[in-house]
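Enquirer: Whatever this is, show me its structure:
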Amino acid sequence: MGSIDFNKHNGKMRILVAPLDWGLGHATRCIPIVKELLNNHCEVYIAAEKNIFFLLEKEFPSLVFLRCKGYEIKYGQNKNDFFVKMLFQFPKIFISILDENRWLKRTVKEYKIDAVISDNRFGMYSKKIPSIYITHQLYIKTGNRFTDLMAQKIHYFFIKKYTQCWVPDNKQNDLAGELSHPKKIPLNVIYMGILSRFQSLSLVKIYDLLITISGPEPQRSFFEKKILKELESFRGSALLVRGLPADNQSLPSTSSLKIVNHLSAEDLNRALEQSKIIIGRSGYTTMMDMAALKKKAILIPTPGQTEQEYLAKYNFKRNYFFSVDEDKFSIVSTLKNAALFEFKLIDISSEEYKKTIEEFVLSLKSGNFATQ
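Expert: Prediction:
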């Protein structure tokens, strides 16, 4: 960072962006937010660590990065022990929330932060400055009605501590269904439209298949191992993106299979547009990206992750994306079934969020954006 004087604002709003470290999706959907803040002449700081740090640093090498420890959530090894694994991590998550809130208080004072945007980090709220919370899960599905309600109450407790809650979905033509449109929503909710770092490009198709692998360990590695095994029977050209931005050890490619650890947003955008069909997890960020590009995609939920299972089923029924459970996935039969699937064109805007951010910045500059 050299000789940066953090006491100088240069007339720009200084915004801290803090994505959750649960997979890469929270970080990648912050990319269009950061770009739009920069387009609105803001000074952007990013709070991150490990994979999130490396991913965003590659996208924005000139920005100031502040090391902030994540929640470091671990998945179970299979569907049955997922909930138990999460239950035992609650104390650690709660301590992380307290720690990050203390970290934020120090950071706001030290770096003269004007506002903070938190993507699903519960403790990144402040009484001193406007605080924005981003989530598409106003309703959290746990697999049990009672724990669903408990999770929602806890989530709303934190959401209400923020000045505004931005939901990356459309108010009417939604993509997240009941997750983003429960019966009761907090008063500070604003539907900002879907977020995507990508734009449509007219490019010649050079890959029959592009596979993206993402999510926390050990499920990321389990999925990668299964995909590599399945690709042995695939007769076509494929690109595999492993979702490892901080890893320098790569797997060998072949004449028909190119393997990369990570691609920048620009390079992945091109690769997606050069591919006939996409295979990936049914994470919400992936769905937003596919919707923005109007791509045909086969989405495979992470075993035991109820949010991804719901999103896959919800959008499969609407004919937006083809979906199959991981234990039933085989590349030959899945591609055959997907070829018979009547994909429906998703009519959803990926530009609406820009208005939300523009209004946010203007209100900060005018002093009309009050804290709680």
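
Enquirer: any idea how far Trp103 is from Ile129?
Expert: 14 Å (Cβ to Cβ, to the nearest Å). Yep, even glycine has a C-beta here, placed from its N, CA and C like the rest.

Enquirer: Which secondary structure elements does the helix or strand containing Ile95 sit against?
Expert: Per DSSP states H and E, Ile95 falls inside helix 82-111. If contacts are counted by 3 or more Cβ pairs under 8 Å, 6 or more residues apart in numbering; DSSP states H and E, helix 82-111 sits against strand 14-19, strand 43-48, strand 64-67.

Enquirer: between the first one and strand 43-48, how big is the angle?
Expert: Spelled out, that is strand 14-19. Calculated by axes from the mean of the first three to the mean of the last three Cα atoms, to 10 degrees, strand 14-19 forms an angle of 30 degrees with strand 43-48.

Enquirer: what helices or strands is strand 14-19 leaning on?
Expert: Packed next to strand 14-19, using 3+ Cβ pairs under 8 Å, 6+ apart, are helix 31-39, strand 43-48, helix 82-111, strand 115-119.

Enquirer: if we can go back for a sec, what is the mean pLDDT for the helix holding Ile95?
Expert: Here helix 82-111 scores 85 as its mean pLDDT.

Enquirer: now the angle from it to strand 14-19?
Expert: Going by the same axes, to 10 degrees, helix 82-111 makes 170 degrees with strand 14-19.

Enquirer: Just confirm Ile277 is within a strand.
Expert: Yes. Counting by DSSP: H, G, I helix; E, B strand; the rest coil, Ile277 is found in a strand.

Enquirer: Counting neighbours, what do you get for the residue nearest to it when sequence neighbours are not counted?
Expert: Leaving aside its chain neighbours, Ile277 sits nearest to Lys296 (5.0 Å; criterion: Cβ to Cβ, 6 or more residues apart in numbering). Lys296: 17 surrounding residues under other Cβ atoms under 10 Å.

Enquirer: Relative to Ser366, how far out is Lys296?
Expert: 44 Å.

Enquirer: Next: Ile132.
Expert: For Ile132, the distance to Ser366 - Cβ to Cβ - is 17 Å.

Enquirer: Which one of those two is surrounded by more residues?
Expert: Legend: neighbour count by other Cβ under 10 Å for Ile132 and Ser366, higher for Ile132 (26 against 8).

Enquirer: what's the next secondary structure element after whichever strand or helix holds that one?
Expert: In this assignment (DSSP H and E), Ile132 forms part of strand 131-134. As assigned by DSSP H and E, the chain's next helix or strand after strand 131-134 is helix 145-159.
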